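> Dropping a prediction and its sequence here:
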Amino acid sequence: MKSATKKFVPVVTAVCLVGVVVLAFCLAGCPPKPQPTPPGPVPGAPTPAKPAPSGEPVKIGAIFSVTGPASPLGDPEKKTVELLVDQINENGGVLGRPLEVIVKDDKSEPTETVLATKDLIEGEEVVAVIGPSRTPTTMAIKDYCQEQEVPLVSCAAGKLITDPVVSYVFAVPQTNALAVQACFDYLDREGIDKVGFIYVANSYGEDGYNNAKAIAAEQGVELVAVETFGGEDTDMTAQLTKIKAANPEAIICWGTNPGPAIVCKNAQTLGIEVPILQSHGVANMKFIELAGDAANGIQLPAGRLIVYDQIAADDPQKEVLDKFAADYKAKYGNPPNTFAGHAYDALWITVKALEQAGEADRAKLRDAIEKTEGFVGTAGIFNYSPEDHNGLTADAFAWVEIVDGAWKLTE
Amino acid sequence: MSLVDQLLQYLLTGISVGLVYGLVGLGITIIFNATGIINFAQGEFVMLGGMIAVALVSIGLPLWTAVVLAVVAVMVVALLLERLAIRPLRGASVITLIIATIGASLVLQGGAKLIWGPEAVKLPAFSGETPIRIGGGGINPQRLWVMGVAALGVVGVQLFFKYTLIGKAMRACAINQAAARLAGISAAHMVRLSFAMSAVLAALGGVVLTPVALMQYSQGTHYTLTGFLAAVVGGLGSGLGAVLGGVMLGIVESLSAGFISSGYSKAIALVVALIVLWWRPEGLVRRRRP
């Protein structure tokens, strides 16, 4: 027995060493080094329609959570920017000059975000910053960008980013407030005035609940039961039992994966038959995969990007969504998700405003971004103003139902 | 739903969630008895069980093969952990060893994230998802699997310790290592066996849970903490106590979420645990001290 164990030891050690080496390679290979996009058109490329951009490149900084827990957001955002920069440069660049977007990875960490921002603003002297992907990382640099007077167009949805408004900070995603409004519009259409509310106990869920509380009071809807669950919780049956006992006519759930998927499964087990509404936070295929059969029948407000192939031909966003989805799919093989759309909106708003400003000047660019009017993006139609740095209305949401494991536009 | 229906539902939920706490607690107890350390990587075994099973199913293996292989794989990981992190520290203080298990849990968590990414995954249900109606509520058939596997694991471990020679040898080691060694029992083997057993229990729990509760790289910590609490409330060192402690915590959580507030249910469970420990510092089940 003893000798057998001894023989075993070198084998185990060898296996482990190999494992460690492989792991080390993975680690070394993983963080994608931020690569400056090559400026200007490739020599010898087919003659573009517009004159080729020339001169010093216009530099924009981008910060996304390319790695870390928020990589499902940051990775498609980075890909989108790379796609768009190529397109923009093939079509004459910006201000007649090549566009250069320097993408930095914040590793989903606020500290890394601050370092990356300082590097972009003080080192690279970018004219504006787009991103970061999430609210905590955006909040970490909000004050800094304001102090430095560098326009920041965030891809994160937190209310704190644009409320209260500070002059240099903008955001592109639809907010919780708009999503809650869209849900209550649905309740209104269906004549429902008794609702159960269940939300994840973090800033996203609480923001949703606070908005719901306010709108419910305005609209005369009664929240008959309000329950919470933890982000790591694996069973919400008790909460749903309590909600079911309160006899609501619909249930609204506010959270991001995986909690809401478990809520749907538990509700199915309990035999809850009233409509279940989810937030735009689950408008991704992962949710459908996790909730499986229990996802069917769920309704939610979602950006039109996930149902781009179903929206009416005369929808003002149709052309933009079709082109973006087709281009993205052609380059990366899968359709863009909502977050890719946020990067699209942030970059295009900045580029269009640069053209409006007429020169790569931070203050003039800021003024031009604030004057953005009727910009058709993926999240909706943007109208910024000195009081509104989010620029969207509840129309930015389409009402979507999950049917047979796929999104279905219901309007 | 009538009050009785609700109560029934809360109890069912509490027991099914609590048995999982108990299963992890039992694993912690087994290692504690053999080595005197608290294995803070126990919850990672649950997570790995689920994650590996999902990975194996996704490459096309049949569900049952994947389940068995996942459990075996986690057992191998546990043995490696023992060999690489615990055995080299022979003679170190217990606290050093506990810190080593915390380190191991971070490595396993990070590794799982590198391999499977940050998002949650799921496994197909073992016997369909048609809920079984009970009163005004119901239960997912997978939850019956969870309860069944947990109960079998608990009973099996008790029988093993009581009636098999190796089980008795492990108990002897737990009571007095030096004396056990004099009787010809290899303490090192018993330690390895304890890691293997507790990993199998945890992995089984993880595999049966994944279809209904989903699995994510970060979920191990949650299971470690709840399992540890279950083991402490039950009386650290007693397997039966860990399971009772787990079920008690599950029921308290579920009832307080139902009748008081879901926001405070975890806090209430902790307060009840503190009260139990204040009332019986030795835990629910008194362990006969040698």
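In hand now; what should we look at? Numbering: from 1, shown residues only, chains lettered A, B, ... in the order given.
> tell me what the host helix or strand of A:L321 is packed against?
Using DSSP states H and E, A:L321 sits in helix A:318-332. Helix A:318-332 sits against helix A:71-90, helix A:338-357, with contacts defined as 3 or more Cβ pairs under 8 Å, 6 or more residues apart in numbering or on different chains; DSSP states H and E. Glycine gets a C-beta too; all of them are placed from N, C-alpha and C.
> Among these, which comes closest to chain B?
If you check each of those against chain B by Cβ to the nearest Cβ, helix A:71-90 wins as the nearest, at 6.2 Å.
> and the following helix or strand past that closest one, which strands flank it?
Sequence-wise, the next helix or strand downstream of helix A:71-90 (DSSP H and E) is strand A:99-105. Partner strands for strand A:99-105, per DSSP bridges, with pairing direction: strand A:58-64 (parallel).
> Going by proximity to chain A, name the top residue of the stretch 151-290 of chain B.
Closest point on the stretch 151-290 of chain B to chain A, by Cβ to the nearest Cβ, is B:A213, at 3.4 Å.
> Look up how far A:A201 lies from that residue.
18 Å (Cβ to Cβ, to the nearest Å).
> of these two, who's got more company?
Shown here are B:A213 and A:A201; by other Cβ atoms under 10 Å in any protein chain shown, B:A213 has more neighbours (27 against 18).
> picking up where we left off before, please identify the deepest-packed of the helices and strands packed on helix A:318-332.
helix A:338-357 (a mean of 24; mean count of other Cβ atoms under 10 Å in any protein chain shown).
> Would you mind listing what in the stretch 151-290 of chain B touches chain A?
B:186, B:189, B:209, B:212-214, B:216, B:218-219, B:221-222, B:253-255, B:257-258, B:262-263, B:265-266 (Cβ under 8 Å from any Cβ of the partner chain).
> which residues does the spatially most central residue of chain A contact?
When Cα atoms, centre = their mean is applied to chain A, the residue found nearest the centroid is A:F339 (3.4 Å). By Cβ atoms under 8 Å, 6 or more residues apart in numbering or on different chains, the contact set of A:F339 is A:72-74, A:76-77, A:133, A:155.
> and with 6 Å instead?
For A:F339, the contacting residues are A:73, A:76-77, by Cβ atoms under 6 Å, 6 or more residues apart in numbering or on different chains.
> Report the contact partners of the nearest residue to it once chain neighbours are set aside.
Once flanking residues are discounted, A:F339 sits nearest to A:L73: 4.3 Å by Cβ to Cβ, 6 or more residues apart in numbering or on different chains. Residues counted as contacts of A:L73 (Cβ under 6 Å, 6+ apart) are A:65, A:133, A:339.
> Correct me if wrong: A:L270 contacts B:G137.
Yes: shown here, A:L270 and B:G137 form a contact pair, counting by Cβ atoms under 6 Å, at 5.0 Å.
> Tell me the pLDDT of the residue of the stretch 101-250 of chain A found nearest chain B.
Going by Cβ to the nearest Cβ, chain B is nearest to A:T234 of the stretch 101-250 of chain A, at 3.4 Å. Per-residue pLDDT puts A:T234 at 88.
> is the longest helix along chain B up against chain A anywhere?
Taking DSSP state H as the criterion, chain B has its longest helix at helix B:3-35. Yes: residues of helix B:3-35 are located near chain A by Cβ under 6 Å from any Cβ of the partner chain, namely B:6, B:9-10, B:13, B:17.
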